[in-house]
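[1] Got a sequence here, can you build the structure:
(one chain, ligands or ions: 1)
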Amino acid sequence: GKGNYRHFMEKELHEHPAVLGDTLRQYLDPKTLEVRLPRLPFDPARVPRLTISACGSAFLAGAVGRYWIEELARLPVDADVASEFRYRDPPLAEGGAAILVSQSGETADTMAALRLLKAGGQKVLSVVNVPESSMARESDGAVLTVAGPEIGVASTKAFTAQLAVMACLAIGFGRARRELSTLDEGRLTQALLEVPSQAAQILEQDAQIRDLAAEVAKARDVLFLGRGSLYPIALEGALKLKEISYIHAEGYAAGEMKHGPIALIDSAVPVIALCPTGPLFEKTASNLQEAAARGGRIMAFTDADGVAPLSRFAEHVIELPKVGAFSTPILYAIPVQLLAYHVAVLKGTDVDQPRNLAKSVTVE
Ligand code: M6R
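    Here you go, the predicted model:
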């Protein structure tokens, strides 16, 4: 049941810390600070190229994985939504491997991608939440997310659990390919082990996010911006808002603004920016300042060090815990999901059963 929560989605949002802890505990050793992956169907050190495919939010978790795996393991990754991948007839690398991501393990397009990949000689690993699913059974190997049943149609805890698994895979691949030292592995593992408590801290900011939602709920169009591994999280914010509040939203790579979308900016369009301090901060902040100069209403998520610079032009600045760049996609996913949730509640939509959507899309 829903317990004391109004919706399954709200309950599932509050399960983030527990689910992240349960999932990370499967694949990280807190004593040695090492990643412990189950037996993989391929040797990451020998694979020339990796394909990642999935649908919807699961694809966006895979898209973050692409940033991590390329950065930490220096392994080239091709990431595409399964509905495109399956008809694209892509040339597959000899000895190549693939990762499929799915909560249900039953999504029709992802299953079709699985069969195509296997027919093309690729070794397929699936990241799934349902151990007895078709995808887990038909793949060459499976790594489980430990999210428990997810009832709300909008994916929340399953998404962050997928990110947690992708992060562990990226570290493990980095080690296997000798791109990461033991020290790097320890540092990244330590950062992941802190994620569950940081997720709990973010959930305590619920009231602030609800205030932001009151503004966003009045909009007809909303833009989400992010850079690097936060770009897929901007897309996730837009997907979630569309899915449950029916407000039109788009996610963009912050640097793409001036190539088109900035034309949309006026005082009626909230621009929600995922903008932690770090190497990309100045660039994103200057993209935001340009939008503000055109009357855009900037609403930014950042950390303590980002509050003062962004407050010079942003209408709302929400401070999240200061974490290393590696963990930001997992943590910044939570406030964008919470925001969508509160906007939907304010709009009075059917949060757990949005119109026209099914939890598991088993037809093409
Ligand atoms: O079961 P799957 O993870 O394969 O489902 C994929 C998508 O249908 C799913 O993530 C969908 O985009 C969610 N409703 C998004 O919140």
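[2] Am I right that residue 253 is in contact with residue 224?
    No - in this structure, residue 253 is not within contact of residue 224 by CB atoms under 8 Å, at 10.5 Å. Where you see a C-beta, it was placed from the backbone N, CA and C, and this is true even at glycine.
[3] quick one, what contacts residue 352?
    7-9, 151-153 (CB atoms under 8 Å, 6 or more residues apart in numbering).
[4] before we move on, what about residue 102?
    54-55, 58, 110, 126-129, 133, 135.
[5] can we see that at 10 Å?
    Counting by CB atoms under 10 Å, 6 or more residues apart in numbering, residue 102 touches 53-56, 58-59, 61-62, 82, 109-111, 114, 126-130, 133-136, 145, 158, 162, 360.
[6] Which ones, among these, also lie beside the ligand?
    Among the contacts of residue 102, the ones lying near the ligand by CB under 6 Å from any ligand atom are 55-56, 58, 110, 360.
[7] just checking, residue 139 touches residue 131?
    No - the pair residue 139 / residue 131 is not scored as a contact, 11.5 Å apart, by CB atoms under 10 Å.
[8] Between these two, point out the one with more neighbours.
    Between residue 139 and residue 131, residue 139 has the larger neighbour count (other CB atoms under 10 Å), namely 24 against 11.
[9] Apart from its neighbours in sequence, what residue is nearest the more buried one?
    residue 126 (4.0 Å; CB to CB, 6 or more residues apart in numbering).
[10] Relative to the whole chain's centre, how far out is the helix or strand in which that neighbour is found?
    Following DSSP states H and E, one finds residue 126 within strand 123-128. Distance of strand 123-128 from the chain centroid (CA atoms, centre = their mean, to the nearest Å) equals 18 Å.
[11] residues shared between the contacts of residue 139 and residue 131?
    Joint contacts of residue 139 and residue 131 (CB under 10 Å, 6+ apart) are residue 105.
[12] Thought residue 290 was touching residue 258, still the case?
    Yes - if you go by CB under 10 Å, residue 258 and residue 290 touch, sitting 7.0 Å apart.
[13] Specify which residue of the two has the higher count of neighbours.
    Taking other CB under 10 Å, residue 258 and residue 290 do not tie; residue 290 has more neighbours (15 against 12).
[14] so what does the strand holding residue 126 touch, helix or strand wise?
    Packing partners of strand 123-128 (3 or more CB pairs under 10 Å, 6 or more residues apart in numbering; DSSP states H and E): strand 50-54, helix 56-73, strand 97-102, helix 108-119, helix 134-138, strand 141-144, helix 157-176.
[15] In PDB, list the C-alpha atoms belonging to that strand.
    What follows is strand 123-128, C-alpha atoms only, in PDB (Å, rounded to 0.1, in the frame of the first residue of the first chain):
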ATOM      1  CA  LYS A 123      27.500 -10.000 -25.600                       C
ATOM      2  CA  VAL A 124      24.500  -8.400 -23.800                       C
ATOM      3  CA  LEU A 125      24.400  -7.300 -20.200                       C
ATOM      4  CA  SER A 126      21.100  -6.000 -18.900                       C
ATOM      5  CA  VAL A 127      20.500  -3.700 -15.900                       C
ATOM      6  CA  VAL A 128      17.000  -4.800 -14.700                       C
END
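[16] Any of the contacts of residue 102 buried? List them.
    The neighbour-count test (16 or more other CB atoms under 10 Å) marks 53-56, 58-59, 61-62, 82, 109-111, 114, 126-130, 133-136, 145, 158, 162 as buried among these.
[17] Neighbour count: residue 253 and residue 224, which is higher?
    More crowded of residue 253 and residue 224, by other CB under 10 Å: residue 224, with 28 against 19.
[18] what sits against that one?
    Applying CB under 10 Å, 6+ apart, we find residue 224 in contact with 230-231, 233-241, 249-252, 254, 270-274, 299, 336, 339.
[19] cool, and residue 94?
    48-49, 120-122.
[20] Including neighbour count, distance to residue 20 and pLDDT, could these go into CSV?
    CSV is the format used below for the contacts of residue 94 (neighbours: other CB atoms under 10 Å; distance: CB to CB, whole Å; pLDDT from 0 to 100):
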residue, neighbour count, distance to residue 20, pLDDT
48, 11, 32, 98
49, 17, 30, 97
120, 17, 34, 97
121, 11, 35, 97
122, 24, 29, 98
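[21] Let's have those residues in a markdown table, adding distance to the ligand.
    Shown next, in a markdown table, are these (distance: CB to the nearest ligand atom, whole Å):
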| residue | distance to the ligand |
| --- | --- |
| 48 | 27 |
| 49 | 23 |
| 120 | 21 |
| 121 | 24 |
| 122 | 19 |
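[22] Residue 120 and residue 90 touch, don't they?
    Yes - using CB under 10 Å, residue 120 makes contact with residue 90 at a distance of 8.5 Å.
[23] Tally up the residues packed near whatever residue of the stretch 201-350 of the chain ends up closest to the ligand, please.
    The ligand sits closest to residue 243 of the stretch 201-350 of the chain, with a gap of 5.5 Å, by CB to the nearest ligand atom. For residue 243, the neighbour count with other CB under 10 Å is 22.
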